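**Student:** fold the following and give me the result.
(one chain, ligands or ions: 2)
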Amino acid sequence: MSDLRDQAPGAAGDAAPYDALLLLSFGGPEGPDDVVPFLENVTRGRGIPKERLKEVGQHYFLFGGVSPINDQNRALLDALREDFAQNSLDLPVHWGNRNWAPYLTDTLREMALAGHRRILVLTTSAYASYSGCRQYRENLADALAALEAEGIEPPRVDKLRHYFNHPGFVRPMIDGVLASLDGLPEEVRAGAHLAFTTHSIPDASADTSGPAEEHGRGGAYVREHLDVARLIADAVREETGVERPWELVYQSRSGAPHIPWLEPDICDHLETLHGKGVPAVVMVPIGFVSDHMEVLYDLDTEATAKAAELGLPVARSATVGADPRFAAAVRELVLERAATERGQRVERCALGALGPSHDLCPVGCCPARAPRPAAAGADSPYA
Ligand SMILES: CC1=C(CCC(=O)O)c2cc3nc(cc4[nH]c(cc5[nH]c(cc1n2)c(C)c5CCC(=O)O)c(CCC(=O)O)c4C)C(CCC(=O)O)=C3C
Ligand SMILES: [Fe+2]
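**Tutor:** Ligands and ions are numbered 1, 2, ... in the order given. From the prediction side, this is the model:
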């Protein structure tokens, strides 16, 4: 039976009970003097070897000490505001980061003082994992605790569901792969492999990613990436009429060498494919929402140099960035969640085999090594 309230006039642009959207991201340095303090923020208490930090610092210095992530978030903010305005969704959009200015606590304080009481959070991470989900929820809990300590009533925060399988996230990447294939020399195009790539994480955090009942080898993190990779590979096959082999591989490993992280690494993978006589490869960075430093350095610089050394033609396909289809997807997710919170039944759009992700992370979802308070989940100490 259809719920009449679903069709109520005016409901299309109604974000109630939410009164603001918060874009929550990683943050990055904006000049050479920022690089070391930024890396200190990122790695505080996380046991990254000094050598690795020096190396990663060099990646930033190679680009003038400027991470691309902040300008990409500014572009996403513009795209969201434009999409909301064009679709009569009256919802202010704010921005705060985990590791660099504008810091999350400062943004939340401004939002609370401006009177926002129910805030919906969009993170720049599409998949389940400790780094991409729970750690942001811990950051939210820390920020809310800081406001409380200042005598400010903390607003209520909810987090949008994972959007890895939303068509507004997947479709732009399909088009990116098609464009990359077009850019390859014609004689190698049909034989090109697709190498889907994402951030490596420790095996132990992959295995415990997602809700507890989904834990197991690779966990939700690997399963979600495999689902997106298969969706893109299927669409590309349908649209080009060519069956291309594909694999999910990893990049940007850090941590101590004796701790197992997800493999194979993209560079080793390129070497393996070259050894097998594969004529070309499209690297598809499905793990990244925009062209982060991991994309500019680890793929466009390091892996591309490796391929040149091998004499293997490669292309790197586009990330979603501020694509208007992604902005529209965020609007749909906001309206979906708002309607759900109002007790209405809504369609939850999702492609692939896994279905729409949960709204509320259950207890035991993507656990931390050392438990800490996390907001916007079933185990949140806040309402
Ligand atoms: C899964 C995942 C994402 C994707 C989801 C998401 O987007 O959140 C992501 C994103 C990002 N990671 C970033 C940068 C860094 N990540 C590091 C370290 C680590 N990342 C990890 C995982 C992830 N990271 C892990 C398990 C570590 C080990 C230490 C720890 O357990 O915390 C380090 C320390 C040095 C190093 O070891 O590499 C840096 C500098 C930037 C900014 C890039 C820019 O400036 O454009 C972004 C978007
Ligand atoms: Fe990272």
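**Student:** where along the stretch 1-150 of the chain do the strands fall?
**Tutor:** Remark: strands assigned in the stretch 1-150 of the chain by DSSP state E, counting those that start in this stretch are 20-25, 93-97, 118-123.
**Student:** of those, which is nearest Cys361?
**Tutor:** strand 118-123 (11.8 Å; CB to CB). C-beta: built from backbone N, CA, C; applies to glycine.
**Student:** most tightly surrounded among the strands of the stretch 1-150 of the chain?
**Tutor:** Most buried of these, by mean neighbour count (mean count of other CB atoms under 10 Å): strand 20-25, with a mean of 24.
**Student:** ok now that one, how far from the chain's centre?
**Tutor:** Relative to the chain's own centre, strand 20-25 is displaced by 13 Å; criterion: CA atoms, centre = their mean, to the nearest Å.
**Student:** do stretch 235-250 as well
**Tutor:** How far stretch 235-250 lies from its chain's middle: 22 Å, per CA atoms, centre = their mean.
**Student:** for Asp142, grab the count of nearby residues.
**Tutor:** 16 (other CB atoms under 10 Å).
**Student:** surely it meets Thr105?
**Tutor:** Yes: counting by CB atoms under 8 Å, Thr105 is a contact partner of Asp142 at 7.3 Å.
**Student:** who touches the lowest-mean-pLDDT helix or strand in the chain?
**Tutor:** When each helix and strand of the chain is scored by mean pLDDT, DSSP states H and E, helix 50-62 comes last, with a mean of 92. Helix 50-62 is contacted by residues 28-29, 32, 35-36, 38-39, 43, 66-67, 254-255, 293, 297-298, 301 when judged by CB atoms under 8 Å, 6 or more residues apart in numbering.
**Student:** for this protein, which residues score under the pLDDT cut-off?
**Tutor:** Scanning the chain for pLDDT under 70 picks out 1-13.
**Student:** and the residue sitting nearest the centre point of it, how far is that from Glu148?
**Tutor:** Central residue of the chain (CA atoms, centre = their mean): Ser125, 1.9 Å from the mean position. Ser125 sits 26 Å away from Glu148 when distances are taken as CB to CB, to the nearest Å.
**Student:** same thing with His193?
**Tutor:** His193 sits 52 Å away from Glu148, going by CB to CB.
**Student:** which one of these two is surrounded by more residues?
**Tutor:** Using other CB under 10 Å, the more surrounded residue of His193 and Glu148 is His193, with 19 against 12.
**Student:** ok, the more buried one - contacts?
**Tutor:** With CB under 8 Å, 6+ apart, His193 has these contacts: 244-247, 273, 278, 280-282.
**Student:** apart from its chain neighbours, what residue comes closest to the residue nearest to the centre of the chain?
**Tutor:** Ranked by CB to CB, 6 or more residues apart in numbering and with sequence neighbours excluded, the top spatial neighbour of Ser125 is Gly132, at 3.3 Å.
**Student:** and if you look at Gly183?
**Tutor:** Ala315 (5.5 Å).
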